[in-house]
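Colleague: Here you go, sequence then predicted model.
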Amino acid sequence: MNQIMEKLKELTSDVLCKMFFLIEEAEPIQKNFVFKYGVCLENNKFSMILLFTEKIAYLLTENFLGTEEISEEDIFDTLKEALNIIAGNFIGLYMKNLSDKVPVPYAIKNINELKTESYPAKIMFFNENPLKLMFKIKE
């Protein structure tokens, strides 16, 4: 699973750089981050989740839409689109056996209630803020 997560991390970094103009950085000194936004897509074979701080979600949306006038709905729509692009590329390149279609992403409205202890995860940093990437193959 570690090799799969590393491939997913590389692909995520590439998509966020090319489509959302965010460059992955080294881990910053600050360690206290609060994830505010989450998006998920899943089917009976796998689940993929992205969690964002408020700052990185806003910046990603601002870069994607090209405007500073952003609503909460804009943020969730952009984050779902990012996840859809990442998942579609990842499944198409590495996990074709999991699905012939990418499920529709949905917003996670209360990430504090999310149960992700069993999910392999990678933390990535953009503009000194983390993005948490989780992927689980269901058995």
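Modeller: Sure thing, it's come through. Numbering: from 1, shown residues only.

Colleague: Within its sheet, name the partner strands of the least confident helix or strand in the chain by mean pLDDT and how each one runs.
Modeller: Every helix and strand in the chain was compared by mean pLDDT, DSSP states H and E; the lowest is strand 24-25, with a mean of 87. The pairing partners recorded for strand 24-25 under DSSP bridges are strand 121-126 (antiparallel).

Colleague: What residues sit buried inside the longest helix along the chain?
Modeller: Counting residues, the longest helix in the chain under DSSP state H turns out to be helix 72-94. Residues 74-87, 89-91 are the ones in helix 72-94 that count as buried (16 or more other C-beta atoms under 10 Å). For the C-beta atoms, the positions are set from N, CA and C on the backbone; glycine is no exception.

Colleague: which outside residues touch the least confident helix or strand of the chain?
Modeller: Contact with strand 24-25 is made by 13, 16-17, 124-128, as judged by C-beta atoms under 8 Å, 6 or more residues apart in numbering.

Colleague: What is the distance between it and the centre of its chain?
Modeller: 14 Å (C-alpha atoms, centre = their mean, to the nearest Å).

Colleague: repeat for stretch 68-83
Modeller: For stretch 68-83, the distance to the chain centre is 12 Å (C-alpha atoms, centre = their mean).

Colleague: could I have that stretch exported to CSV, CA atoms only?
Modeller: C-alpha atoms of stretch 68-83 as CSV (Å, rounded to 0.1, in the frame of the first residue of the first chain):
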residue,chain,number,x,y,z
GLU,A,68,-11.1,36.5,-5.2
GLU,A,69,-14.9,36.5,-4.8
ILE,A,70,-15.5,33.0,-3.5
SER,A,71,-18.4,31.4,-1.7
GLU,A,72,-18.4,28.2,0.4
GLU,A,73,-20.2,26.5,-2.5
ASP,A,74,-17.4,27.5,-4.9
ILE,A,75,-14.9,26.0,-2.5
PHE,A,76,-16.6,22.7,-2.2
ASP,A,77,-17.3,22.5,-6.0
THR,A,78,-13.6,23.2,-6.7
LEU,A,79,-12.4,20.7,-4.1
LYS,A,80,-14.7,18.0,-5.6
GLU,A,81,-13.4,18.8,-9.1
ALA,A,82,-9.8,18.5,-7.9
LEU,A,83,-10.6,15.1,-6.3
